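[1] Dropping a prediction and its sequence here:
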Amino acid sequence: MELDELKAGWAELDRRLDRIEAAVVVSGRRRGVKSELRALVAWQLIQLIAGLMLAVAAGSFWVDHRAQPSLLVTGVLLHLYGVAMIVAAVRTLVLVARVDEASPVLTLQARIADLRAWRIREGRWFGVVGCFMWVAMVIWAFGLLGVDVVAANPAFVGLQLLTAVVCLGVFIVVSRLDGKPEGSAVRRAQERLDEIERFRLG
């Protein structure tokens, strides 16, 4: 009887050790989820600063060129683009901040899913708009040199717009072929969560 009790005690101890080991492994992997997003945070801070600089510079530009319609429109578009960069970066940083490694796995998965969905929408929006925004950048650059290139050489601007349409077509094709458009940082965080889920269920 004492031998049976001893065996039962050892079996229970083994089960407890297995649970402790599993908890330690899952905890360690959870801590890795947030660390995978550090690069994304760094890039969003850069985007935030760049957006602020663009919004200020473009805002000053269109205010100074209110009498020239093409430069006014160009400045306003770039100003709004800078604001969009700021809003997008702040939104991403807020979603990253909501990723709490101490949360239950299902909650953590939901937060990563929200971040992934936002990154996909953001990437598509900036991809489409960016195909044309660089044309505005060219017009802006000439404007800073004192040249209204739209009025001076409309054929040149038309060619740039045609190139932008081609760029949009390429972007659409590449987007359809890209199976992981959310970005590498979010993808690695999701893979870390998938590892946790497999370990938990296995």
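    Thanks, I have the structure now.
[2] Settle this for me: Ser175 is touching Trp125, isn't it.
    No. At 11.4 Å, Ser175 does not count as touching Trp125 under the criterion of CB atoms under 8 Å. In this view, the C-beta of every residue, glycine as well, is placed from N, C-alpha and C.
[3] Met53 - nearest residue in space that isn't next to it in sequence?
    Excluding its sequence neighbours, the residue lying closest to Met53 (CB to CB, 6 or more residues apart in numbering) is Gly82, at 7.5 Å.
[4] So for the one you found, what's the pLDDT?
    Gly82 carries a pLDDT value of 97.
[5] tell me the SS of it?
    Using DSSP: H, G, I helix; E, B strand; the rest coil, the structure places Gly82 in helix.
[6] which residues does Ala58 contact?
    By CB atoms under 8 Å, 6 or more residues apart in numbering, the contact set of Ala58 is 75-76, 78-79, 81-82, 140.
[7] ok, now with 6 Å
    75, 78-79, 82 (CB atoms under 6 Å, 6 or more residues apart in numbering).
[8] got a winner among the residues you listed for most neighbours?
    Within the contacts of Ala58, Gly75 tops the neighbour count with 25 neighbours, counted by other CB atoms under 10 Å.
[9] so it touches Ser60, yeah?
    No. Using CB atoms under 6 Å as the test, Gly75 is too far from Ser60 to be in contact (8.3 Å).
[10] Thank you kindly, that will do.
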